[in-house]
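Student: what would the 3D arrangement of this be:
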Amino acid sequence: MAKKVLIIGGVAGGASAAARARRLDEQAEIIMFERGPNISFANCGLPYHIGGEIELREALLLQTPESFKKRFNVDVRVHNEVTAIDKQAKTVTVRDTAAERTYTESYDALLLSPGAGPFVPPISGIHNHLTHTLRNVPDMDAIISSIEVNKPEHATVCGGGFIGLEMAEALRQRNIKVTLVELAPQVMAPVDMEIAAVLHEELQQHKVELKLGKTLQEVAPSAPADKSLILTLNDGSTLETNLLIMAVGVKPETSLAVKAGLEIGELGGIKVNEFMQTSDDAVFAVGDVIEDPEFVTGEAMLAPLAGPANRQGRLAANNIFGAAETYKKTQGTAICKVFDLAVASTGLNEKSLQRKAMPYEKVYVHAASHAGYYPGAHPVTLKLLFDPNNGLILGAQAVGKDGVDKRIDVISVAQRAALTVYDLQDLELCYAPPFGSARDVVNQAGLVASNVMKGNEVIFHSEELESLSDKQMLVDVRSENEVDNMGMIHGAINIPVDDLRANLAKLDKSKEILIYCQVGLRGHVAARLLTNLGYKVKNLSGGFKTWKSLNK
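Tutor: Okay, here's the model as predicted:
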């Protein structure tokens, strides 16, 4: 007897599961329900259509009910919302909003992929015609309509995550003044402050006003009431705006699962096992609605990302049709375009490692995206986090104009393969002057981390400079010209690295010598020189450039 599979929700997880299910069984009855008008659309592309980079709206619509039916013989029912699940009877109740009727469907297997919805805090006055969220195509259409009808001079974006940053850029592309309000002291929570600081500078250069450490407390209409709002922030300040985008985060759409009595995890997502099954064996769940196992620790995490959702949808379909495949955890690998920069990360950041009280070490590399002598090379800043006991990769972050994606992709693969920092130095990566360097950024990160692991270099970090003792001596080994143009860290003396041997008398051998240069390379040369001469030396990882990013 043919299996009957019901899928609630399309887009990444649901549509992937439906297509895979059909490829596995031509006889199965597959029905996909979507309460909205679109079953497969590029939700990650929505801000880029608002900004104009993606010209055609139709380019975002990847599949229609008709095309899905023709290719995969899947019964796609848009404007059909599943309102209840009866686990015992193995049926769902469906409300067809277009036909204004309610009906039931039975199932052998049920897959939940409703995604995550925008979180809108209960703020006074927040529900008005000038305030929008962005989750789907109708939301995008509403924002574009508001811009075209009201012609806003100023917009406010609340939230500095992926959607918030992409919307800030999209609105600036339309020559609208933008203020970005973010409760945290930085944008882009997956990266740490020294990486986010580069984004802050980029946003400000593109005339995005940043209000960090602030949150929206009240919204009120302003004259004329149909064109403007007065926003009150938590510090008592106010600003007038013509368009408000709420992008403070998302929350899993678990209402249906809760009503059905499925187990919900500690973070608020549906709890699933390694086979993508919920607490009911016949009900599977994938995508933004579930709690993923984090790659390093296996602990629960929320990962509203298309990549994991696609993999989970395929895996769930395999298991529905008899496989016993397991999900291999989520690294959270992601990238975001912020005007001319890209910022990417994989694995755990330093904030998470500190919160989990896990042992870690970190190194920084500031290098060029390709050979410096070939035109068009741009700086890449990479932060690598690793276990100091065994060299296993815990996470990485990078920011720059070019080549950020491939460096984080390589490190993501290395982490999944359980490679260590020693392996990074030996990776054989593509090289030609227009594309990279003979010693790639990833190789350099591996070399620096390996030196630390082997004890060939002792490093210290920028935050340690906040409490220097009289038993330490801070030495800047950059050139005099660099010091004159960029300044130096308070309390340091300047001895250029090439003059170090001739000026050893200026160094107190009874003290710990703290060395720094611009990015760490000359500091390493100086540290090795002095170490070989019997001095106790540490080198500042990431150099003056990293310190400066944290001390602006």
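
Student: measure stretch 98-111 end to end?
Tutor: 23 Å (Cα to Cα, to the nearest Å).

Student: looking at it now, give me its mean pLDDT.
Tutor: Regarding stretch 98-111, the rounded mean pLDDT is 96.

Student: ok, now stretch 336-343?
Tutor: On average, stretch 336-343 scores 97.

Student: and if you look at stretch 124-138?
Tutor: Mean predicted confidence for stretch 124-138 is 93.

Student: ok, stretch 290-309 next?
Tutor: 95.

Student: if you average pLDDT per helix and strand, which one of this structure comes out bottom?
Tutor: Within the chain, no helix or strand scores below strand 40-41, which has a mean of 73 by mean pLDDT, DSSP states H and E.

Student: in PDB, list the C-alpha atoms belonging to whatever helix or strand comes next after that one.
Tutor: Under the assignment DSSP states H and E, the closest C-terminal helix or strand after strand 40-41 is helix 46-51. Below are the C-alpha coordinates for helix 46-51, written out as PDB (Å, rounded to 0.1, in the frame of the first residue of the first chain):
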ATOM      1  CA  LEU A  46      14.000  39.400  -0.300                       C
ATOM      2  CA  PRO A  47      16.100  42.400   1.000                       C
ATOM      3  CA  TYR A  48      18.000  42.400  -2.300                       C
ATOM      4  CA  HIS A  49      14.800  42.900  -4.300                       C
ATOM      5  CA  ILE A  50      13.800  45.700  -2.000                       C
ATOM      6  CA  GLY A  51      17.200  47.300  -2.600                       C
END
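
Student: sheet partners, orientation included, of the least confident helix or strand of the chain?
Tutor: strand 61-63 (antiparallel) (DSSP bridges).

Student: pLDDT weak spots in this structure?
Tutor: 224-225 (pLDDT under 70).

Student: contacts only, for L447.
Tutor: 424-425, 439 (Cβ atoms under 8 Å, 6 or more residues apart in numbering). (Each C-beta comes from the backbone N, C-alpha and C, glycine too.)

Student: redo the residues you listed as TSV? Include neighbour count.
Tutor: Rendered in TSV, the data for these read as follows (neighbours: other Cβ atoms under 10 Å):
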residue	neighbour count
L424	26
Q425	18
R439	14
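
Student: for N443, which non-adjacent residue is closest in space?
Tutor: Q425 (5.6 Å; Cβ to Cβ, 6 or more residues apart in numbering).

Student: confirm that that neighbour sits in a strand.
Tutor: No. Going by DSSP: H, G, I helix; E, B strand; the rest coil, the assignment for Q425 is helix, not a strand.

Student: how about the most centrally placed residue in the chain, what does it touch?
Tutor: Centroid check for the chain by Cα atoms, centre = their mean gives A334 as the closest residue, at 4.5 Å. Neighbouring residues of A334 by Cβ under 8 Å, 6+ apart: 162, 190, 305, 344-346.

Student: give me that answer again for 7 Å
Tutor: 190, 305, 344-345 (Cβ atoms under 7 Å, 6 or more residues apart in numbering).

Student: for S40, same thing?
Tutor: 10-11, 15, 62-63.

Student: one more: K471?
Tutor: 511-512.

Student: next, give phi and psi for it.
Tutor: Main-chain torsions, K471, degrees, to the nearest 10: phi -100, psi 10.

Student: with T381 instead?
Tutor: The phi/psi pair for T381 (degrees, to the nearest 10) is phi -110, psi 130.

Student: wait, doesn't L112 sit right on G287?
Tutor: No. Assessed by Cβ atoms under 7 Å, L112 is found out of contact with G287, at 8.5 Å.

Student: which of the two has more residues huddled nearby?
Tutor: G287 (34 against 31; other Cβ atoms under 10 Å).

Student: E325 in helix, strand or coil?
Tutor: coil.

Student: sorry, back to before: wait, which of the contacts of L447 is closest to A367?
Tutor: R439 (8.6 Å; Cβ to Cβ).

Student: how much space between the closest one and T420?
Tutor: 18 Å (Cβ to Cβ, to the nearest Å).

Student: could you do M246 as well?
Tutor: Distance from M246 to T420, by Cβ to Cβ: 43 Å.

Student: of those two, which one has the most company?
Tutor: M246 (23 against 19).

Student: please name the bridge partners of the more buried one.
Tutor: C158.

Student: about what we covered before: the residue nearest to N443 contacts V442, correct?
Tutor: No. The pair Q425 / V442 is not scored as a contact, 8.8 Å apart, by Cβ under 7 Å.

Student: quick one: residues contacting G403.
Tutor: 369-370, 380.

Student: do that again at 10 Å, thanks
Tutor: If a contact means Cβ atoms under 10 Å, 6 or more residues apart in numbering, then G403 has 342, 367-370, 377-378, 380, 435-436, 440-441 as its contacts.

Student: kindly report the same for Y364.
Tutor: 194-195, 381-384, 397, 445, 448, 459, 461-462, 519-520, 540-543, 545-546, 549.

Student: could you redo the last one with a cut-off of 7 Å?
Tutor: 381, 383, 520, 541-542, 546.

Student: with I7 instead?
Tutor: With Cβ under 7 Å, 6+ apart, I7 has these contacts: 14, 17-18, 32, 111, 113.

Student: with distance to M301 and neighbour count added, can I get the residues you listed in JSON lines?
Tutor: Shown next, in JSON lines, are the contacts of I7 (distance: Cβ to Cβ, whole Å; neighbours: other Cβ atoms under 10 Å):
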{"residue": "G14", "distance to M301": "21", "neighbour count": "28"}
{"residue": "A17", "distance to M301": "21", "neighbour count": "32"}
{"residue": "A18", "distance to M301": "26", "neighbour count": "28"}
{"residue": "M32", "distance to M301": "27", "neighbour count": "28"}
{"residue": "L111", "distance to M301": "21", "neighbour count": "29"}
{"residue": "S113", "distance to M301": "18", "neighbour count": "30"}
